[in-house]
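Novice: Predicted model follows, preceded by the sequence.
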Amino acid sequence: MNSEHGHVIGPRTYILVFLSLMALTAVTIAAAFVDMGPMNIVAAVTIAVVKATLVLLYFMHVRYSDYLPRIFLGAGLFWFLILMALTLGDYLTRHLFRVGGW
Amino acid sequence: MSLARASGPPPDYINADYSVKSWLLTTDHKRIALLYLAAVTFFFFIGGIFAVLIRLELLTPAGDLVESETYNKLFTMHGIMMIFFFLIPSIPAILGNFLVPIMIGARDLAFPKLNLLSWYVFMIGGLFTFCVVIIGGVDTGWTFYTPYSSTYANSNVILTAVGIFITGFASILTGLNFIVTIHKMRAPGLTWFKLPLFIWAHYATSLIMILGTPVLAVTILLVGAERLFGVGIFDPALGGDPILFQHLFWFYSHPAVYIMILPGMGVMSELVTAFSRKKIFGYNFIAFSSLAIAVLGFLVWGHHMFVSGQSPYAGMVFSVLSMIVAIPSAIKVFNWTATLHKGSISYNTPMLYAFGFIGLFTVGGLTGVFLATLAIDVHVHDTYFVVAHFHYIMVGGMIMSYMGGLHFWWPKITGKVYPEIWARIAAVIIFLGFNLTFLPQFVLGYLGMPRRYHSYPEEFQVLNVMSTAGASILALGYLIPFIYFFWSMRYGKAAASNPWGAKGMEWQIPSPPPTHNFIEPPVVEEAYAYAEQREAS
Amino acid sequence: MSSGDKSTAVLSRHFEDLDQQKSAVTLGIWVFLVTEIMMFGGLFAGYVVYRNRYAAGFAEGSHHLDVLLGGINTAILIASSLTMAMAVFSAQTARRRALVAFLILTMVFGAAFLGIKAVEYGHKAHEHLIPGSHFHYEGAHRTGIYVFISFYFAMTGLHALHMIIGLGVMAVLLVKALRGRYGARNYMQVEVAGLYWHFVDIVWIFLFPLLYLIGRHV
């Protein structure tokens, strides 16, 4: 009943996902206190992406949804990446021309 | 036997109910289109009044009509009114709302109540902004560059920002509605590649609306937050970067120009086929180029920032991408021209506007390529060259297609025929007035006259006088349709279902259509099933 | 246990059938969520730019946030997503009492989150770590901390606003749920609200590490 295909995601799955999310939250907090250099931010974002994926797939039923919601979700993420990438393309290359200040 | 409706006109969406309540609480997409027509026309004339004042000031080199602070407000309000309250909504909210369901064989849009909500949101934002104009307006330029807008301006920045923020949601709701409608409510058998190109254009436009407008919304919020709470995001004194504002602002505002022009291109595809009695040349190319423009349009925003202090490497990337985005537009112009070739062309008013579009849009588009060239832009950035470029596209292109579309579908929408002779006269006046207004501005810009200044060196006066003369002719040109459209609603001849002999589902139903569009489920046929012209032997 | 499914399907006239309506509504809410991705995306893009520029200031500013309160709030929000998913399930299977209970639980969690947020904001105000004329900080990286605090309030503030709206939507749903309006033939409103709520949860899933957990190992 969670989509046109009539697949039911039941309470058992939801609770499993919930417990995973809680565990991952604990992991992300713990990992923050370990010095991993530049990997700290990578680890934090990766864990957040995993958590978000769980919410999307199971709580938001993307696992069993039609292709259109998935395409639009993908488009949204892709467009956000466009905004980030081209904006950072400016900031990360400014130092090559720096005269003073920024 | 009752004689009550023995010899009245057939029921249509207009005479179904004449009460004010039935109009203000309607969920009929066709009525909402008319509500938008009234609103958009009002805001167009407000924006036009500001244009008149600007051109009057620029008749003389000295800044003698208004103070410079006032002049700043004039061009700001002209830009804001025209862009947010006329150009962006006009074709989608009027022609799109009216035609999208009919062209796909549906009874209404996917979310009729959201559609009505979008009109109210638009009205609230528009009237709010109009009130801000009355109490003194804003002087930052429609581009709201920081830190002037976020810290130093003394005008009504926050109130204007609120008005635009609200109106943005009308755009988002319309785009959302179109996307879901086109995906989910096509008549059985109506596959994507049988759809009119008008639909493809509006689909692409809607993608831009939903992906770009939210970024503008959050950017406006941040400017307001900086003004009200002193958050340090755009003001260098607080640690911010004004260029970040420009990145976020133009991320929306460049695709916004494609929101404005893509629907016009959709109209063009319909006009060119109808009035050359010929199938469109390169249907697939035009369809895909609409999507290409929507996607590529998001990759070029930095070309507004070449001299802002952004990294030159970023500038190079944006320059190349801006050249690439010109290609799909060019493809469309080639395809329309090829459609005309060996077509049986009739010079009715909509076609006159279509011809105007092809020529003027080409000029505007090509000058855009000049501006995309880094070395040229350094010299003409912030001059009248830029002003001329975008007016060629927006007025010479978009408004021409809007007028062409209004005339083409006027019989369908109102069930009345407008006076053709006056319409052709007005079209010619508009074309001539437009070119006299804006062609001199290319020269002025190239010679170095900066934009947004109310005084200028003496040697620029002749060209400025020409431009103002052209503007008065252009104003007359727009006034004439305003008058005869109203006249036609009362005194115009009744229109047939298909006065142009055009193909398309909207021409198979009565003029004006019944409330639920189709009495029987529509028969799906191939789009643009005009007979191919045989070669003269 | 289902207490009798009294739901009736409500088909709007412009749709052909219920399937088309459901399909359209589902796509509609997802398109709306895409707009939300872009809206928050603007803030995240700005965050990335400034974290890159003011690395030390952002880390220092992050240390002034309370990981315990932030962590508790994260747990609360995840729990509220669970209860919301269970609410949708209850609506689909016409379990009226369960639906009401889960909706109330979700709202309670949401309110708790906002309450803790308010406490945190109060702390920041007390420490003079708020944007504006009351900002006061002695120490290095003052500018970076100011920008960090600006983003902290902007991002969590916009997030909190979305939660408040979500609570309002849920209140409306609760009233209808109490009247037994939802069931196997009519659950889309709950599903749509659920999708919105989960999205707001996902935003926080990113906000928490990006704001609270910078440079904690030093």
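Specialist: That came through fine. Numbering: from 1, shown residues only, chains lettered A, B, ... in the order given.

Novice: use CA for all of it now, contacts and neighbours both
Specialist: Noted.

Novice: Now do stretch A:58-66, average pLDDT.
Specialist: Stretch A:58-66 shows a mean pLDDT of 94.

Novice: Would that stretch count as contacting chain B?
Specialist: No: judged by CA under 8 Å from any CA of the partner chain, stretch A:58-66 stays clear of chain B, getting no closer than 12.4 Å.

Novice: With stretch C:137-154 instead?
Specialist: Yes: judged by CA under 8 Å from any CA, stretch C:137-154 comes into contact with chain B through C:143-144, C:146-147, C:150-151, C:154.

Novice: which one of the residues you listed sits closest to residue A:13?
Specialist: Checking those against residue A:13 by CA to CA gives residue C:154 as the nearest, at 34.7 Å.

Novice: I'd say residue C:107 and residue C:167 touch.
Specialist: Yes: taking contacts as CA atoms under 8 Å, residue C:107 lies within contact range of residue C:167: 6.1 Å.

Novice: Spell out which parts of chain C neighbour chain B.
Specialist: Listed as neighbours of chain B in chain C under the rule CA under 8 Å from any CA: C:14-15, C:20, C:23-24, C:27-28, C:31-32, C:34-36, C:38-43, C:46, C:131-133, C:143-144, C:146-147, C:150-151, C:154.

Novice: wait, I meant chain A
Specialist: A:76, A:79, A:82-83, A:86-87, A:89-91, A:93-94, A:97.

Novice: Can you flag the buried ones in these?
Specialist: The neighbour-count test (16 or more other CA atoms under 10 Å in any protein chain shown) marks A:76, A:79, A:83, A:86-87, A:89-91, A:94 as buried among those.

Novice: Under the pLDDT cut-off, which ranges of the chain? List them.
Specialist: Just going to use chain A. Scanning chain A for pLDDT under 70 picks out A:1-8, A:99-102.

Novice: that answer is for a different chain, and I need it for chain C
Specialist: Those would be C:1-4, if you go by pLDDT under 70 across chain C.

Novice: interface residues of it facing chain A?
Specialist: C:19, C:23, C:26-27, C:30-31, C:33-35, C:37-38, C:41-42, C:45, C:49, C:71, C:74-75, C:78-79, C:81-82, C:85-86, C:89, C:92, C:194-195, C:198, C:202, C:205-206, C:209-210, C:213-218.

Novice: in chain A, what residue is nearest chain C?
Specialist: residue A:33 (4.2 Å; CA to the nearest CA).

Novice: Okay, helices next: where are they in chain A?
Specialist: Assigned by DSSP state H, the helices in chain A fall at A:11-32, A:39-54, A:67-91.

Novice: what's the domain layout of chain A?
Specialist: As given by automatic domain parsing, the domain ranges for chain A are A:1-65, A:66-102.

Novice: Now do residue 72: how many residues are near it, please.
Specialist: This is for chain A. 18 (other CA atoms under 10 Å in any protein chain shown).

Novice: Chain C, not that one
Specialist: Number of residues near residue C:72 (other CA under 10 Å) recorded here: 14.

Novice: Mind listing what's buried along stretch B:464-480?
Specialist: Residues of stretch B:464-480 classed as buried by neighbour count (16+ other CA under 10 Å): B:464-478, B:480.

Novice: closest to chain C among the residues you listed?
Specialist: For the buried residues of stretch B:464-480, the residue nearest chain C by CA to the nearest CA is residue B:478; the value is 36.1 Å.

Novice: For the closest one, give its distance to residue B:54.
Specialist: Distance of residue B:478 to residue B:54, given as CA to CA, to the nearest Å: 17 Å.

Novice: same check, this time on residue B:103
Specialist: 41 Å.

Novice: same deal with residue B:150?
Specialist: To residue B:54, residue B:150 is 25 Å away according to CA to CA.

Novice: Please apply the same query to residue B:438.
Specialist: Look at residue B:438 and residue B:54: by CA to CA, they are 14 Å apart.

Novice: quick one: which of those two has more around it?
Specialist: Per other CA under 10 Å, whichever of residue B:438 and residue B:54 has more neighbours is residue B:438, with 28 against 21.

Novice: The more buried one contacts residue B:390, correct?
Specialist: No: counting by CA under 8 Å, residue B:438 sits too far from residue B:390 to count as a contact (9.8 Å).

Novice: roughly how far apart are the residue of chain C found nearest chain A and residue B:230?
Specialist: Among the residues of chain C, residue C:217 lies nearest to chain A; the distance is 4.2 Å by CA to the nearest CA. Remark: distance between residue C:217 and residue B:230 (CA to CA) = 31 Å.

Novice: who's in contact with residue C:70?
Specialist: By CA atoms under 8 Å, 6 or more residues apart in numbering or on different chains, residue C:70 lies in contact with C:208, C:212.

Novice: tell me which element it is part of?
Specialist: For residue C:70, the host element (DSSP states H and E) is helix C:67-92.

Novice: Can you pull up the most central residue in the chain?
Specialist: Here I'm looking at chain A. residue A:49 (2.7 Å; CA atoms, centre = their mean).

Novice: meant chain B actually
Specialist: The residue lying closest to the centre of chain B (CA atoms, centre = their mean) is residue B:87, at 3.3 Å.

Novice: near chain C, which residues of chain B?
Specialist: B:106-110, B:172, B:176-177, B:180-181, B:184-185, B:210-215, B:217-219, B:222, B:229-233, B:238-240, B:244, B:248.

Novice: Where do the helices of chain C begin and end?
Specialist: With helices called from DSSP H, chain C shows them at C:18-53, C:55-63, C:67-92, C:96-126, C:142-178, C:188-212.

Novice: The third one: which residues count as buried?
Specialist: Neighbour counts using 16+ other CA under 10 Å place C:67, C:69-71, C:73-92 of helix C:67-92 among the buried residues.

Novice: And for the residue lying closest to residue B:103 once chain neighbours are set aside, the neighbour number?
Specialist: Using CA to CA, 6 or more residues apart in numbering or on different chains and skipping residues adjacent in sequence, the residue nearest residue B:103 is residue B:505, 5.4 Å away. A count of neighbours around residue B:505, defined by other CA under 10 Å, yields 19.

Novice: Now for residue B:505: which residues touch it?
Specialist: Contacts of residue B:505 (CA under 8 Å, 6+ apart): B:102-105, B:522.

Novice: Could you list which of the residues you listed belong to helices?
Specialist: Those of the contacts of residue B:505 lying in helices (DSSP H): B:102-103.

Novice: List phi and psi for residue B:198.
Specialist: The phi/psi pair for residue B:198 (degrees, to the nearest 10) reads phi -60, psi -40.

Novice: scratch that, residue B:191 is what I was asking about
Specialist: Torsion angles at residue B:191 (phi, psi; degrees, to the nearest 10) stand at phi -80, psi 170.

Novice: And the pLDDT at it?
Specialist: Looking at residue B:191, its pLDDT reads 92.

Novice: how close does it sit to chain C?
Specialist: Per CA to the nearest CA, to the nearest Å, residue B:191 is found 16 Å from chain C.

Novice: What is the neighbour count of that residue?
Specialist: Neighbour count for residue B:191, taken as other CA under 10 Å: 12.

Novice: what's the answer for residue B:298, then?
Specialist: Neighbourhood size, residue B:298 [other CA under 10 Å]: 25.

Novice: ditto for residue B:29
Specialist: 29.

Novice: Test my guess that it contacts residue B:100.
Specialist: No: in this structure, residue B:29 is not within contact of residue B:100 by CA under 8 Å, at 9.2 Å.

Novice: so residue B:155, which of the three states?
Specialist: Recorded secondary structure, residue B:155: coil (DSSP: H, G, I helix; E, B strand; the rest coil).

Novice: Test my guess that it contacts residue B:136.
Specialist: Yes: under the criterion of CA under 8 Å, residue B:155 makes contact with residue B:136 at 7.3 Å.

Novice: if you count what's nearby, which of these two comes out ahead?
Specialist: residue B:155 (18 against 12).
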